[in-house]
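J.: sequence first, predicted coordinates after that:
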Amino acid sequence: QVQLVESGGGLVQAGGSLRLSCVVSGDLFSNFGMGWSRQAPGKEREIVAHITWNGGTITYADSVKDRFTISRDNGKNTVYLQMNSLKSEDTAVYYCAQYRAAYSNYVPRDQREYHYWGQGTQVTVSS
């Protein structure tokens, strides 16, 4: 059974930073791509970042490019999202997700393509 547990959310002022972590239980973490998505109240869930199994391909939504950085530590079964220069519009519940196709360089275009999800962590940015 694969479980994903996010942490690191909270309340931060605009312009501040947060780092989200997602620990994945289960085997073969290093074989699969990981993504971060977010959902704001009344809005669709959107993918904000994805990293392939070996880190060879990293993508970001235009809205977070140059401010957010996704990374992974395969030795710790953990994926991170470093968020800098936060804006009020970044307020959302953030979810990590696993794309469970081994050794794939494919980058999901829709959050429904991910296979497993965490429970989410709230990020609130005050202006």
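T.: Arrived safely. Numbers count the residues shown, from 1 in each chain.

J.: where along this structure do the strands fall?
T.: For the chain, the strands defined by DSSP state E cover 3-7, 10-13, 18-25, 33-39, 46-51, 58-60, 68-73, 78-83, 92-99, 116-117, 121-126.

J.: and the fifth one with strand 78-83, angle?
T.: The directions of strand 46-51 and strand 78-83 differ by 120 degrees, with axes from the mean of the first three to the mean of the last three C-alpha atoms, to 10 degrees as the criterion.

J.: paired strands for strand 46-51, with orientation please.
T.: Strands that pair with strand 46-51, judged by DSSP bridges, come out as strand 33-39 (antiparallel), strand 58-60 (antiparallel).

J.: please apply the same query to the last one.
T.: Strands that pair with strand 121-126, judged by DSSP bridges, come out as strand 10-13 (parallel), strand 92-99 (antiparallel).

J.: then the third one?
T.: Partner strands for strand 18-25, per DSSP bridges, with pairing direction: strand 3-7 (antiparallel), strand 78-83 (antiparallel).

J.: ok, for Arg109, nearest residue in space, not its chain neighbours?
T.: Nearest non-adjacent residue to Arg109, counting by C-beta to C-beta, 6 or more residues apart in numbering: Ile47, 7.7 Å away. Using the backbone N, CA and C atoms, a C-beta is placed for each residue, glycine as well.

J.: do you know how far the one you found is from Leu81?
T.: Applying C-beta to C-beta, to the nearest Å, one obtains 12 Å for the distance of Ile47 from Leu81.

J.: got it, and Phe68?
T.: From Phe68 to Leu81 the distance is 6 Å (C-beta to C-beta).

J.: contacting residues for the residue nearest to Arg109?
T.: For Ile47, the contact set (C-beta atoms under 8 Å, 6 or more residues apart in numbering) comprises Gly35, Trp36, Ser37, Ala61, Pro108, Arg109, Asp110, Gln111.

J.: quick one on the thing from earlier: quick check: neighbours shared by Ile47 and Leu81?
T.: What both Ile47 and Leu81 touch, as defined by C-beta under 8 Å, 6+ apart, is the set Trp36.
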